[in-house]
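Sequence plus the predicted model coming up.
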Amino acid sequence: FTFGAVGRLDPIKRFDLLIQSYAQFAAQVPDTQLIIIGDGPQYMHLQTMITQATMAHAIRIIRGVDALDYYAQFDCFVQPSAQEGISLALLEAMAHGCPVIACRPLGYDHPVITNEYNGILLNDDNTLIQQLMTQYGRLKNDAHLRAVLAQNGYKTVKSRFTMQACAQQYDVLLKRYAKS
């Protein structure tokens, strides 16, 4: 079972929390792996975390590749950042049929995910690592839930985030403002 994440390796993305929570989970559930696609200023720090947790066999950071080549390998996509707007990586994962785990943005509703419909939303609080571990196990063990989230996620992207859908939404906005 493969968990995946994509993004710039920057503190705001919180890949350190992803690695910490996954390392604890993988110690109990060893038949899984985590693949992180990305590069950035935290690369060496995150590699050190992986080594110190003795998880090099289960956690890989892959740099310099097109993430689109990897989504099909992910059984679940995880986005630990709580400061994302409409994330391209999240939309790409959903368009590739990945069920997703994401954090609820601070102070407002998630712009893409409806909890338990097209993804799993976690609260950004001091229980985040435990919440991540719980949801890793839940999605790994529940093929039906993964299928429902993936199907609804795909529908969400196709209905709201294709070029055509976005153009139609802009057209509606422009017409509304042209009248005022």
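That came through fine.

out of everything not next to it in sequence, what's closest to I129?
S21 (4.4 Å; C-beta to C-beta, 6 or more residues apart in numbering). C-beta: built from backbone N, CA, C; applies to glycine.

which residues are in contact with the one helix or strand the one you found maps to?
For S21, the element it lies in under DSSP states H and E is helix 15-28. With contacts defined as C-beta atoms under 8 Å, 6 or more residues apart in numbering, helix 15-28 is touched by 3, 5, 7, 9, 32-34, 36, 38, 42, 45-46, 49-50, 53, 55, 58-59, 78, 80, 128-129, 132-133, 136-137.

do the same with stretch 33-48
Residues external to stretch 33-48 that are found in contact with it (C-beta under 8 Å, 6+ apart): 1-11, 15-16, 18-19, 22, 26, 58-65, 67, 70, 73-74.

what mean pLDDT does the strand or helix carrying Q169 have?
Taking DSSP H and E as the definition, one finds Q169 inside helix 163-179. The predicted model assigns helix 163-179 a mean pLDDT of 78.

and it, what does it pack onto?
Packing partners of helix 163-179 (3 or more C-beta pairs under 8 Å, 6 or more residues apart in numbering; DSSP states H and E): helix 143-160.

thinking again about what came up before, please pick the buried ones from the contacts of stretch 33-48.
Among the contacts of stretch 33-48, those buried by neighbour count (16 or more other C-beta atoms under 10 Å) are 3-7, 9, 15, 18-19, 22, 26, 58-59, 61, 67, 70, 74.

backbone phi and psi for L122, please?
Main-chain torsions, L122, degrees, to the nearest 10: phi -110, psi 150.

give me the number of residues near the residue nearest to it when sequence neighbours are not counted?
Excluding its sequence neighbours, the residue lying closest to L122 (C-beta to C-beta, 6+ apart) is Q131, at 4.4 Å. A count of neighbours around Q131, defined by other C-beta atoms under 10 Å, yields 18.

so which helix or strand takes in Q131?
Using DSSP H and E, Q131 sits within helix 128-141.

I'd like to know which elements that helix is packed against.
Short answer (3+ C-beta pairs under 8 Å, 6+ apart): helix 128-141 packs on helix 15-28, strand 76-79, strand 100-103, strand 120-122, helix 143-160.

Other residues contacting it?
Residues outside helix 128-141 that contact it (C-beta under 8 Å, 6+ apart) are 1, 3, 17-18, 20-22, 24-25, 29, 32, 75-76, 78, 80, 99, 101, 103, 120, 122-123, 145-146, 149.
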